[in-house]
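[1] Any chance you could fold what I've pasted below:
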Amino acid sequence: MDTKNLSAQLIIANNELVVQNQEKEKLAIALNKANSDLLFQSEEKVRLAAQLTIANAELDAQNKEKGKRAAELIIANIELDFQNEQKLKLSKELITANKELDFQNEQKEKRAAELIIANNELIFQNHEKEKRAAELIIAYAKLSFQNREKEKRAAELILANTELIFQNQEKEKRAAELVIANTELIFQNLEKEKRAAELIIANAELIFQNQEKEKRATELVIANKELVFQNKEKGKRAAELIIANIELDFQDEEKEKRAAELIVALKELGYQDEEKGKRAAELIIANRELLIQKQEKERRALAEAKKDEFFNMVSHELKTPLTNIKAINQLLERTANKTDKTYAFILNANHSIQRLEKLVADLLDVTRINSGQIDLNIAEFDFSNVLTTGISHVQQITTKHNIQLENTIDARYNGDQFRIEQVLINLLNNAIKYSPNANKIFVKAKVEAGNIVVTVEDFGIGIAKEDIDQLFQRFFRVSKTAMVYQGVGLGLYIASEIIKKHDGWFSIESEPGKGSSFSFYLPLNHGIVN
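    Prediction:
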């Protein structure tokens, strides 16, 4: 049943009651007081009916907004329909009572009581409306809760992106492990080449021994022929039989000795032939392994060349879009409201762009180093400027660590100032990254034995002795810290190559849990390698 139609009918019924009450005032002065009471009650009912109409309109609007709670609203509408039917019945009874007031004055008090009950029901319905309003408030609260759940899901998406970054770091670590495996294969190839050389020498010695044994066998054959000839001569020399017999006995003993020696020699020849066969088989296997290893080395060399070509191509392809992204992000940073929560995401994106720029620059440097195309801009400069500029650059990006220059040097140096600053900045960045619980980093410089010595000392996690010798390998990262600290293992490799280009070298002192000292040495008189 349509609640609006019912409400309209109720209004019309109430209006009719007012008209009838006015008619009754003209017809029955004695009943004026009762009719006045009924008129007041009718006006109250009109007001309540109007309120109910407004409430029903509000409920209709709320029904449109609350699609998820349609079942509850349907139940509420059914209850309202039932109550409207009850009201309609009561209204009809009230109309009948008013029509019968002319001749049923005695029933007036009973009908007035029924009106009071109807008003009580209207009050009860108002309470029900307030309950429905409370339910709407609860529904809005649930909607707010769902919005918060959506924000939580957005945060989970951010965590998922972080996990993807972590997986990329894992892949970079695996790439570093492959580089180490290649180094081990090269070492094994060298060892196998040594073994192959030893096998060749052993085979040469076996051939020489076989030739010596063949000579001995030939001599034994000749000796046997001589014994046969001597036996024939014994028949001719019957007179000399006794002497010949004695000689024959002696010769027989000698023959037996020679035969025993021949048997031993034949056994030795058989054993040597078996050994030669084994050595030949081992040599064939070794040659096959060497061939396979040579092919593997060629394949790896080709793969390295292709990888360097790929790094070079990717680095150049990334530079242009990365520059555009950086410009857009800088524009967003300047125009964004710093109080808005999206401003933190813009700053985070700026940090990621800087990391990506550093990675692209490192990849370009690595490909230039591997292809021998890295050149130095050699010029004379004040070496103290390298120290102050490098420290100032790194100090701007950290507030936790205080970088202290303990002592500097007043010396002119002939080299590439930009590249040497790059080495110092890399060492300072590593010192910051691997000393999260410390707040000081010391930089020292001195001239010692014709060399400029620069030392960067931190108080961080330190490095194990077995890892120090591998730190300057390309893509090498210490396995214990690779998952905790970001990086691809190129910084120290590039730094060492730059120092080598200046005819210099590195030294490292470190103790796990106490910190590390990285020093690089630059000869004042050196031949620059371009």
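[2] Any idea how far apart the tips of stretch 90-106 sit?
    Start and end residues of stretch 90-106 are separated by 19 Å (Cα to Cα, to the nearest Å).
[3] any idea of the mean pLDDT in it?
    For stretch 90-106, mean pLDDT is 71.
[4] can you check stretch 257-275 too?
    84.
[5] Buried residues, it. List them.
    Arg258, Leu262, Ala265, Leu269, Gln272 (16 or more other Cβ atoms under 10 Å). For the C-beta atoms, the positions are set from N, CA and C on the backbone; glycine is no exception.
[6] and it, C-alpha only, in CSV?
    The C-alpha trace of stretch 257-275 is given here as CSV (Å, rounded to 0.1, in the frame of the first residue of the first chain):
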residue,chain,number,x,y,z
LYS,A,257,117.2,-65.4,-15.9
ARG,A,258,116.7,-63.6,-19.2
ALA,A,259,113.3,-65.4,-19.7
ALA,A,260,112.2,-64.4,-16.2
GLU,A,261,113.3,-60.8,-16.9
LEU,A,262,111.4,-61.0,-20.3
ILE,A,263,108.2,-62.2,-18.5
VAL,A,264,108.6,-59.4,-16.0
ALA,A,265,109.2,-56.9,-18.8
LEU,A,266,106.2,-58.2,-20.7
LYS,A,267,104.0,-57.8,-17.6
GLU,A,268,105.4,-54.3,-17.1
LEU,A,269,104.7,-53.6,-20.7
GLY,A,270,101.1,-54.8,-20.3
TYR,A,271,100.7,-52.7,-17.1
GLN,A,272,102.1,-49.7,-18.9
ASP,A,273,99.8,-50.3,-21.9
GLU,A,274,96.9,-50.3,-19.5
GLU,A,275,98.2,-47.1,-17.8
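[7] Off-centre distance for that stretch?
    69 Å (Cα atoms, centre = their mean, to the nearest Å).
[8] one step back: most widely separated two among the buried residues of stretch 257-275?
    The most widely separated members of those are Arg258 and Gln272, with 19.9 Å between them, by Cβ to Cβ.
[9] how near is Lys440 to His393?
    According to Cβ to Cβ, to the nearest Å, Lys440 stands 18 Å off from His393.
[10] what about the residue nearest to Ile468 when sequence neighbours are not counted, is that helix, strand or coil?
    Of all residues not flanking Ile468 in the chain, Ile508 sits nearest, at 5.2 Å (Cβ to Cβ, 6 or more residues apart in numbering). When classified by DSSP: H, G, I helix; E, B strand; the rest coil, Ile508 comes out as strand.
[11] so who does Ile508 touch?
    Residues near Ile508 by Cβ atoms under 8 Å, 6 or more residues apart in numbering: Ile463, Ile468, Leu471, Ser516, Ser517, Phe518, Ser519.
[12] any idea how far the fourth one lies from Ser510?
    For Ser516, the distance to Ser510 equals 4 Å [Cβ to Cβ].
[13] Find residues that contact each of the two.
    With Cβ under 8 Å, 6+ apart as the test, Ser516 and Ser510 both reach Gly462, Ile463.
[14] who's more crowded, those two?
    Ser516 (24 against 19; other Cβ atoms under 10 Å).
[15] From Gln293, how far off is that one?
    For Ser516, the distance to Gln293 - Cβ to Cβ - is 37 Å.
[16] ok, now Lys278?
    Relative to Gln293, and taking Cβ to Cβ, Lys278 is found at 22 Å.
[17] cool, and Ile346?
    Taking Cβ to Cβ, one finds Ile346 at 53 Å from Gln293.
[18] Now the element after the helix or strand of the chain with the lowest mean pLDDT, going C-ward?
    Every helix and strand in the chain was compared by mean pLDDT, DSSP states H and E; the lowest is helix 479-482, with a mean of 47. Beyond helix 479-482 on the C-terminal side, the first helix or strand identified by DSSP states H and E is helix 491-501.
[19] Extract the CA atoms of that following helix and return them as CSV.
    Taking Å, rounded to 0.1, in the frame of the first residue of the first chain, the C-alpha atoms of helix 491-501 are listed here in CSV:
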residue,chain,number,x,y,z
GLY,A,491,79.8,1.6,-6.5
LEU,A,492,83.0,0.2,-5.2
TYR,A,493,83.8,-1.5,-8.5
ILE,A,494,83.6,1.9,-10.3
ALA,A,495,85.5,3.6,-7.5
SER,A,496,88.4,1.1,-7.7
GLU,A,497,88.6,1.4,-11.5
ILE,A,498,88.7,5.2,-11.3
ILE,A,499,91.5,5.0,-8.7
LYS,A,500,93.4,2.4,-10.9
LYS,A,501,93.1,4.9,-13.8
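[20] buried set for it?
    So, applying 16+ other Cβ under 10 Å, buried residues of helix 491-501: Gly491, Leu492, Tyr493, Ile494, Ala495, Ser496, Glu497, Ile498, Ile499, Lys501.
[21] Now it: average pLDDT?
    Rounded mean pLDDT across helix 491-501 is 87.
[22] from the buried residues of helix 491-501, which is closest to Ile353?
    Gly491 (18.3 Å).
[23] And the closest one, how far from Lys89?
    Counting by Cβ to Cβ, the gap from Gly491 to Lys89 is 90 Å.
[24] how far is the longest helix anywhere in the chain from where the chain is centred?
    In the chain, with assignment by DSSP state H, the single longest helix is helix 108-236. Computed by Cα atoms, centre = their mean, the chain-centroid distance of helix 108-236 equals 14 Å.
[25] That one packs against which elements?
    helix 32-65, helix 70-99, helix 241-335, helix 479-482 (3 or more Cβ pairs under 8 Å, 6 or more residues apart in numbering; DSSP states H and E).
[26] That helix versus helix 241-335: what angle between them?
    160 degrees (axes from the mean of the first three to the mean of the last three Cα atoms, to 10 degrees).
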